[in-house]
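*Asks:* prediction below, plus the sequence it came from.
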Amino acid sequence: MIRAIIVDDEQLARDIIKAYLKPFEQIEVIKECADGFQGLKAIQEEKPDLIFLDIQMPKITGFEMLELIDNPPAVIFSTAFDQYAIKAFEQNATDYLLKPYSDERFGEAVKKALDKIGSKASSKAEMETLQEKREELGETLDRIVVKTGNKIHILSLDQVSHFQAQDDYVEIHADQGKYLKQMRMKHLEENLPEGEFVRIHRSHIVSVKQIEKLELYEKDSYLLSLKNGAKLPVSRSGHSKLKEVLKY
Amino acid sequence: MNHPFLKNRNIIFYLASWLVIAAGFAFSLYYFYEFTVNEALADSLIFNGIFMAVGLALWFVVRYSSFDASQLINLIASHLAAAAMSISLTILATTTSLKNIFVADEEYLTFLSKSVPWRAGLGVMYYSVIILVYYLIRYYDDLNQRMQEQSQLETMLKESELEMLKSQINPHFIFNSLNSISSLTITAPDRARAMVIKLSEFLRYSLGKENDQLNTLDEELNNLLLYLDIEKVRFGDRLQVETDIAEDTKACTLPNLILQPLFENAIKHGIYESLEQVTIRLNAVLDGNILRVTVQNEYDPNAVSRKGKGIGLKNVTQRLQVIYGVPKLVFTEKSEEIFTVRLDIPQIDLEHD
């Protein structure tokens, strides 16, 4: 038996998935969720094999919800109109449904997903490339969703003072505290709004608004102080980037 | 505006013109007054050279004076002063330096002291021509600039019209509604049919209207309620709408679909970002000859919403400005949990060109 959950904020959109799933007797819908928070909870508790996921939802988007899951199961996305997402899908193996969709189209997507579940392929790499594609298409990062235990925080970039690399993770220093999220510095560097953040070092990206002062520390090496008191080393290339952004 | 002769290669033309004048000047001294070549050249180069330098400075007299008719006396006074100063300065400098060069030449020195009046006359002419050229340049630049601004404004208008057309009917709304209908055809065909009809009526009203067409508030409200009905099918109980419309406002006019973006915003920030029930309030009163329409929605102050492009409200403001010619007809207010936007629509007969 394949265990599936549906995450979509519209009842009627969930209804049609259930109706289209009738011929697939091996799939059982174990839970319906109306937003990403419920969806995340259900995925952690139930460990489903398949998720039907709407992208545009209240609070957090379908993509942001997936970012918080360590080992995502097979996913069939649906969206009404989201140009970045649609273009990203077209260049990716992950299947997506454009609302409204026919039962034939739905059937194809489900069969593909079932094959993937049968082959035990991990969706993780696929999700990562999907994420990259969206970024390549120019969707800028404007907020960051993080998880501590069972709590989800949505961080506005205004609240972030700096990012610090920690192996595969990035430590996000925000007004509310520190958060760890699995992501790459390169990804952050490329997608944070230009001019608002600077990568001053291999392991540090700082918010320009939070910069207090730049001091010469030793010959050729600088130390950057932030308004919240943090002191961070500045590499040589970081120093030239800082110069460019601060225009001094 | 920078000095017109000091940019690009204009200085070459300026120098060349003066060279021609100086050559003519020297030639007449040599030919008609029978001075030596040295005397003629020195006199001409010094006199015309100094005026050439002074002429460059005259730009600032033109640059910082205004064409304004009320300032005419000031303008004349400043030109008289500038002319008197520049001409006397030139003559003084010329005669002093030439006296020192040709100390022993009695004939030339007599000529020099007698030449002051006609040098002054020539100076007035130089001054007038230079000032005239400056004014022409300034006028031409102003004209160019104005034309540039005009075309910029036109492009902006066109762009905003285009954006407006794009934003009038939100594609999300259309496709999600169609998906809802698709779903209803399986579970509740009657409701599907009702929604198709509502959606059609809404689209018929919304499509193919002119941007500056004025409709009555009553017509606009009917269309808005259709839109909200459709959204209610999608969001169920989560969307509540309360209206308070004064009877005397129903015949008031407003640009077509001007309220639509306000409701879309209210739904986007109210419903899309919230999990709970959200109420949108619509209120209309007539205040003198101004129709005041207020749209209020509850929102979650803690929501970190994805940054919208802010096109909706900007378009509404721009459209009202274009139609009524008044810059500020949109007012917004954000309290703890309620976002309010008010439109003040003048109730006057608009003459359409």
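*Replies:* Looks like it arrived, so ask away.
*Asks:* what comes up buried for the host helix or strand of residue A:104?
*Replies:* Counting by DSSP states H and E, the element that carries residue A:104 is helix A:103-118. With burial defined by 16 or more other CB atoms under 10 Å in any protein chain shown, the residues of helix A:103-118 counted as buried are A:103, A:106, A:109-110, A:113-114, A:116-117. In short, each C-beta sits where N, CA and C put it, glycine included.
*Asks:* between these, which is nearest chain B?
*Replies:* Distances from chain B to those, taken as CB to the nearest CB, are shortest for residue A:103 (9.4 Å).
*Asks:* so for the helix holding residue A:104, mean pLDDT?
*Replies:* Averaged over helix A:103-118, pLDDT sits at 91.
*Asks:* report the backbone C-alpha coordinates of the helix or strand following that helix in CSV.
*Replies:* Counting by DSSP H and E, the element after helix A:103-118 in chain order, helix or strand, is helix A:124-136. C-alpha atoms of helix A:124-136 as CSV (Å, rounded to 0.1, in the frame of the first residue of the first chain):
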residue,chain,number,x,y,z
LYS,A,124,16.5,14.6,-2.3
ALA,A,125,18.9,15.3,-5.2
GLU,A,126,15.9,16.0,-7.4
MET,A,127,14.5,18.6,-5.0
GLU,A,128,17.9,20.2,-4.8
THR,A,129,18.3,20.6,-8.5
LEU,A,130,14.7,21.9,-8.7
GLN,A,131,15.6,24.5,-6.1
GLU,A,132,18.7,25.4,-8.1
LYS,A,133,16.8,25.8,-11.3
ARG,A,134,14.3,28.2,-9.7
GLU,A,135,17.2,30.3,-8.5
GLU,A,136,18.9,30.3,-11.8
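*Asks:* can you give me the buried ones in helix A:124-136?
*Replies:* A:126-127, A:130-135.
*Asks:* rewinding a little: dump the buried residues of helix A:103-118 into JSON lines; add distance to chain B as well.
*Replies:* Output for these, formatted as JSON lines (distance: CB to the nearest CB, whole Å):
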{"residue": "A:103", "distance to chain B": "9"}
{"residue": "A:106", "distance to chain B": "11"}
{"residue": "A:109", "distance to chain B": "15"}
{"residue": "A:110", "distance to chain B": "17"}
{"residue": "A:113", "distance to chain B": "20"}
{"residue": "A:114", "distance to chain B": "22"}
{"residue": "A:116", "distance to chain B": "25"}
{"residue": "A:117", "distance to chain B": "25"}
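*Asks:* let me know the pLDDT of the closest residue to residue B:23 other than its chain neighbours.
*Replies:* Using CB to CB, 6 or more residues apart in numbering or on different chains and skipping the chain neighbours, the partner closest in space to residue B:23 is residue B:44 (7.7 Å). Note for residue B:44: predicted pLDDT of 89.
*Asks:* between the buried residues of helix A:124-136, which is closest to chain B?
*Replies:* For the buried residues of helix A:124-136, the minimum distance to chain B (CB to the nearest CB) is 13.2 Å, reached by residue A:134.
*Asks:* what ranges do the helices span in chain A?
*Replies:* In chain A, the helices defined using DSSP state H lie at A:11-21, A:36-46, A:62-67, A:83-90, A:103-118, A:124-136, A:185-191, A:236-246.
*Asks:* so how far is the fifth one off the chain centroid?
*Replies:* To tie it back to what came earlier, the one meant is helix A:103-118. The chain centre lies 24 Å from the centre of helix A:103-118; the measure is CA atoms, centre = their mean, to the nearest Å.
*Asks:* run the angle between that helix and helix A:124-136 for me.
*Replies:* Calculated by axes from the mean of the first three to the mean of the last three CA atoms, to 10 degrees, helix A:103-118 forms an angle of 130 degrees with helix A:124-136.
*Asks:* give me the contact list for helix A:103-118.
*Replies:* By CB atoms under 8 Å, 6 or more residues apart in numbering or on different chains, the residues outside helix A:103-118 that reach it are A:2, A:17, A:20-21, A:23-24, A:26-27, A:49-50, A:73-76, A:95-97, A:123.
*Asks:* pretty sure residue B:172 sits against residue A:99.
*Replies:* No. If you go by CB atoms under 8 Å, residue B:172 and residue A:99 don't touch, sitting 9.6 Å apart.
*Asks:* hmm, residue B:79 and residue B:58 touching each other?
*Replies:* No. Residue B:58 is beyond contact range of residue B:79, at 9.4 Å (criterion: CB under 8 Å).
*Asks:* the more surrounded of the two?
*Replies:* Counted by other CB atoms under 10 Å in any protein chain shown, residue B:58 and residue B:79 do not tie: residue B:58 has more neighbours, with 20 against 17.
*Asks:* not counting sequence-adjacent ones, nearest residue to the more buried one?
*Replies:* Spatial nearest neighbour of residue B:58, chain neighbours left out: residue B:130 (5.5 Å); criterion: CB to CB, 6+ apart.
*Asks:* three-state assignment of that neighbour?
*Replies:* helix (DSSP: H, G, I helix; E, B strand; the rest coil).
*Asks:* what residues are bridge-paired with residue B:343?
*Replies:* Residue B:343 has these beta-bridge partners by DSSP bridges: residue B:293, residue B:330.
*Asks:* identify the residues contacting it.
*Replies:* Residue B:343 sits next to B:254, B:258-259, B:262, B:291-293, B:316, B:320, B:329-331 when contact means CB under 8 Å, 6+ apart.
*Asks:* repeat that with 7 Å
*Replies:* B:258, B:293, B:329-330 (CB atoms under 7 Å, 6 or more residues apart in numbering or on different chains).
*Asks:* ditto for residue B:213
*Replies:* By CB under 7 Å, 6+ apart, the neighbours of residue B:213 are residue B:256.
*Asks:* between the helices of chain A, which gets nearest to residue B:274?
*Replies:* Checking those against residue B:274 by CB to CB gives helix A:36-46 as the closest, at 12.1 Å.
*Asks:* from the contact counts, what lies against that closest one?
*Replies:* Based on contacts counted as 3 or more CB pairs under 7 Å, 6 or more residues apart in numbering or on different chains; DSSP states H and E, the elements that helix A:36-46 packs against are strand A:2-7, strand A:27-33, helix A:62-67.
*Asks:* return the member of these having the minimum mean pLDDT.
*Replies:* Among the helices and strands packed on helix A:36-46, helix A:62-67 scores lowest, at a mean of 88.
*Asks:* pop the domain breakdown of chain B in here.
*Replies:* B:10-153, B:169-346 (automatic domain parsing).
*Asks:* intersection of neighbour lists for residue B:58 and residue B:79?
*Replies:* Common neighbours of residue B:58 and residue B:79 (CB under 7 Å, 6+ apart) are residue B:131.
*Asks:* what sits against residue A:174?
*Replies:* A:155, A:159-161.
*Asks:* now render those residues as TSV, adding neighbour count, distance to residue B:223 and pLDDT.
*Replies:* Shown next, in TSV, are those (neighbours: other CB atoms under 10 Å in any protein chain shown; distance: CB to CB, whole Å; pLDDT from 0 to 100):
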residue	neighbour count	distance to residue B:223	pLDDT
A:155	19	40	90
A:159	17	40	89
A:160	24	43	92
A:161	19	48	93
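*Asks:* which ones among those also lie next to chain B?
*Replies:* Contacts with chain B within the contacts of residue A:174, counted by CB under 7 Å from any CB of the partner chain: residue A:155.
*Asks:* dump the contacts of residue A:174 into TSV; add distance to residue B:244 as well.
*Replies:* Below are these laid out as TSV (distance: CB to CB, whole Å):
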residue	distance to residue B:244
A:155	39
A:159	38
A:160	42
A:161	46
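*Asks:* which of the contacts of residue A:174 sits closest to residue A:196?
*Replies:* residue A:160 (9.8 Å).
*Asks:* next, give phi and psi for the most far-flung residue of chain A relative to its centre.
*Replies:* Most distant residue from the mean C-alpha position of chain A: residue A:219, 40.3 Å away (CA atoms, centre = their mean). Backbone torsions for residue A:219, taken as degrees, to the nearest 10, come to phi -60, psi 130.
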